[in-house]
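**Q** A predicted structure for the sequence below; I have some questions about it.
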Amino acid sequence: MADSTTMRVSYTLDSSLDSVNKVEQIAEDFAARAGFDEDTVPHIAMAVREAAVNAVLHGNSYDTNKHVTASFETTTDSLIIRIADQGPGLDPDTLPDPLAPENILRGSGRGIFLIKAFMDEVNFRQLHPGTELTLIKHRTPAQPGT
């Protein structure tokens, strides 16, 4: 990546866990090159992994005829990541609260919660078919000596 200030790349991936791993690695590399610190980079990578897992598992149901698209963009102010599936769509308002007492011991259902905790902005968009999740992490001004 020649210029870490502004750049955009997109990928079309299979609905597989290998694709999830690939997207996570790309997110980690992209975030590091965009200048995020060593504490923030893994958080961004985990948020992207959760979004990709949701796209593959819940959106596309591992359907080999469906794909996941992932785009990574850096601007002077932010890192913007979009993950989209080709599934039936998701209404984020219908998701159960993972902190509710009846959900605390559930083994799943915390992905969106984690994504929102690690990113500055999270937006959902219905694609018909599919759902696009936009994750935004704002850059902080570079510190001297870093």
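**A** Everything's here; your move. Numbering: from 1, shown residues only.
**Q** list the contacts for the spatially most central residue of the chain?
**A** Geometric centre of the chain, nearest residue: residue 48, 2.8 Å, by C-alpha atoms, centre = their mean. By C-beta atoms under 8 Å, 6 or more residues apart in numbering, residue 48 lies in contact with 23-24, 26-27, 70, 81, 83, 135. Bear in mind the C-beta positions are built from the backbone N, C-alpha and C, glycine included.
**Q** same deal with residue 27?
**A** Residue 27 makes contact with 44-45, 47-49, 72, 81, according to C-beta under 8 Å, 6+ apart.
**Q** so where does it fall, helix or strand?
**A** Using DSSP states H and E, residue 27 sits in helix 17-33.
**Q** which SSE is immediately downstream of that helix?
**A** For helix 17-33, the following helix or strand on the C-terminal side (DSSP H and E) is helix 40-53.
**Q** hang on, the earlier thing: neighbour-wise, give me the winner out of the contacts of residue 48.
**A** residue 83 (29 neighbours; other C-beta atoms under 10 Å).
**Q** tell me which residues in the helix or strand bottoming out on mean pLDDT in the chain are buried?
**A** Lowest mean confidence among the helices and strands of the chain (mean pLDDT, DSSP states H and E): helix 111-118, at a mean of 90. Neighbour-count burial for helix 111-118 flags 111-112, 114-115, 118 (criterion: 16 or more other C-beta atoms under 10 Å).
**Q** what is that helix packed up against?
**A** Here helix 111-118 touches helix 40-53, strand 121-126, going by 3 or more C-beta pairs under 8 Å, 6 or more residues apart in numbering; DSSP states H and E.
**Q** any idea which of the ones you listed gets closest to residue 16?
**A** Judged by C-beta to C-beta, the one of the helices and strands packed on helix 111-118 that comes nearest to residue 16 is helix 40-53, at 10.2 Å.
**Q** got the contact list for residue 13?
**A** Counting by C-beta under 8 Å, 6+ apart, residue 13 has contacts 19, 22-23, 67-70.
**Q** the same query, at a cut-off of 7 Å, please.
**A** When contacts are counted by C-beta atoms under 7 Å, 6 or more residues apart in numbering, residue 13 is found next to 19, 22-23, 67-68, 70.
**Q** what does residue 80 give?
**A** The contact partners of residue 80, by C-beta under 7 Å, 6+ apart, come to 73, 134, 136.
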